Structures are given as structure tokens and as C-alpha cells.
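# give me a 3D structure for the following:
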Amino acid sequence: MSKIEVDTIAPQSGTQVTLGESGDTVVVPSGVTLDGSNATLTGFSYTLSYTKGTFTGDNTTTDFTIDSGRAVDDVLIYVNGFLLTPTDDYTISGTTLSFVTAPATSAEIVVRYLPLNSGGVYTNDTATGDNTTTDFTIDSGRTIEDVIVSVNGVTLVPGTDYTISGTTLTFTTAPATSAEISIRYLRLN
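Below is the predicted model:
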């Protein structure tokens with residue numbers, strides 16, 4: 001008897017997956033069920049893993065070594081508690097995090113690595129405040145729970161500082177003239 005163990009089955013949309021042949025026994029982990037002819041997995045969950053790295057600024061160094069396989073959209077970079085904006089404040093190439101301006105002496109630099117397992121992507125948008133506009137257009141299908149918004153590096157409180165309805169993000173108070181607005185979209189799957 002042969003045994004095949006599969007960690008992930010991820011067929012393309014419209015693709016049929018057959019598990020065994022007539023008379024075969026298919027064993028699935030405890031808590032996971034197959035939903036009849038639709039073969040939909042239910043009762044399955046996985047744990048997202050978050051990690052971080054820390055550095056200290058010296059007013060000179062702009063390049064720091066981070067974990068491999070990362071891009072500007074799947075990390076959160078904080079300097080002294082302020083959330084930085086990808087590409088405006090830093091870039092990533094390979095394992096090198098490069099700041100546009102060297103963090104000050106003794107500045108606490110925190111790199112939060114967002115989970116990368118099983119599909120989905122992180123993206124971001126930027127905008128500039130004008131002291132009048134409170135409504136900004138964002139990607140569709142988003143809620144306050146899966147968006148991180150910051151103004152001039154200060155992370156805002158969802159539901160208190162902003163709301164989302166459809167494709168409109170509405171600030172409680174219009175961001176000041178020239179304020180840098182960063183909208184980070186977390187993965188939806």
C-alpha cells in the first residue's frame with residue numbers, strides 16, 4: 001500500500017481535484033471534513049505567524065539586514081513608534097532595508113514581518129492631506145479591520161479616527177495640509 005501525504009491542495013478556479021478512486025479511503029485530519037460532491041474543506045484553520053526584528057539608529061546607517069523574501073508591502077517599519085510609508089521612507093532589495101534618511105542616534109527601529117503563508121498579497125496607497133478633504137477612495141471589499149491607516153506616521157484608531165463604507169475611507173477630521181497619509185491593505189486570504 002502506498003501512502004501520499006499532502007500539505008496543501010490549491011487548484012485554480014474551475015479545476016477539479018480527485019482524491020483517490022472508487023473504493024479508496026481518504027483520511028483527513030481531525031476537525032476537517034469533505035462536503036459531499038463539492039469536496040469543500042470545512043472546519044480547517046491555520047495559525048498566522050508574526051515575527052519582528054529590532055535595530056538602533058546611529059544617525060548614519062541607512063541599510064539594515066532583514067529576513068529574506070520580503071517586500072515593502074509585507075513588513076511594517078516603525079521608527080520611535082511612527083509607522084513609515086513604503087517607498088517614500090524606505091525600500092527593500094533582497095535582505096536590505098534601506099531608509100531614505102538615516103534614523104537618528106538611539107532611534108528604536110522595529111520591523112514587523114506580516115505572515116506570508118498561503119496566498120494573498122499586501123498592498124498600500126498614499127495620499128496627501130489638504131486640511132479640507134475627509135473622504136478618500138480606497139480598494140473595494142475593505143473594512144476597518146483589514147486596513148492600517150497612518151497620518152504623518154501616527155497610526156490611527158479604526159472606527160474612532162476613520163470609517164470605511166464601500167470604497168470610501170472617511171476621516172473624522174481632515175488631515176492637515178501636506179500631511180502624509182499611508183493606507184496599508186492587509187491580506188484578505
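# bridged to Leu83, which residues?
Listed by DSSP bridges, the beta-bridge partners for Leu83 are Tyr78.
# that one: what's it in contact with?
Leu76, Ile77, Ile148, Ser150, Gly153, Val154, Thr155, Ser182 (C-beta atoms under 8 Å, 6 or more residues apart in numbering). Placement of C-beta: from N, CA and C, glycine included.
# the nearest residue to Tyr113 once chain neighbours are set aside: neighbour count?
Using C-beta to C-beta, 6 or more residues apart in numbering and skipping the chain neighbours, the partner closest in space to Tyr113 is Thr51 (4.7 Å). By the criterion of other C-beta atoms under 10 Å, Thr51 has 10 neighbours.
# distance of Thr51 from Val111?
9 Å (C-beta to C-beta, to the nearest Å).
# likewise for Asp146?
21 Å.
# what residues are up against Leu97?
For Leu97, counting by C-beta under 8 Å, 6+ apart, the contacting residues are Asp63, Phe64, Thr65, Ile66, Val75, Ile77, Tyr90, Thr91, Val111.
# of these, buried ones?
Listed as buried from the contacts of Leu97 are Phe64, Ile66, Val75, Ile77, Tyr90, Val111; burial here means 16 or more other C-beta atoms under 10 Å.
# where does Asp73 land in three-state SS?
helix (DSSP: H, G, I helix; E, B strand; the rest coil).
# can I get the contacts of Leu83 in TSV with secondary structure and pLDDT?
As requested, those are arranged in TSV below (DSSP: H, G, I helix; E, B strand; the rest coil; pLDDT from 0 to 100):
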residue	secondary structure	pLDDT
Leu76	strand	94
Ile77	strand	95
Ile148	strand	94
Ser150	strand	95
Gly153	coil	94
Val154	strand	95
Thr155	strand	94
Ser182	strand	95
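# return the closest of those residues with respect to Ala176.
Ranked by distance to Ala176 (C-beta to C-beta), those are led by Val154 at 11.5 Å.
# low pLDDT regions in this structure?
1-49, 117-119, 189 (pLDDT under 70).
# and with 80 instead?
Applying pLDDT under 80 to the chain picks out residues 1-50, 117-120, 188-189.
# any idea how far Gly94 is from Val157?
Gly94 is 35 Å from Val157, by C-beta to C-beta.
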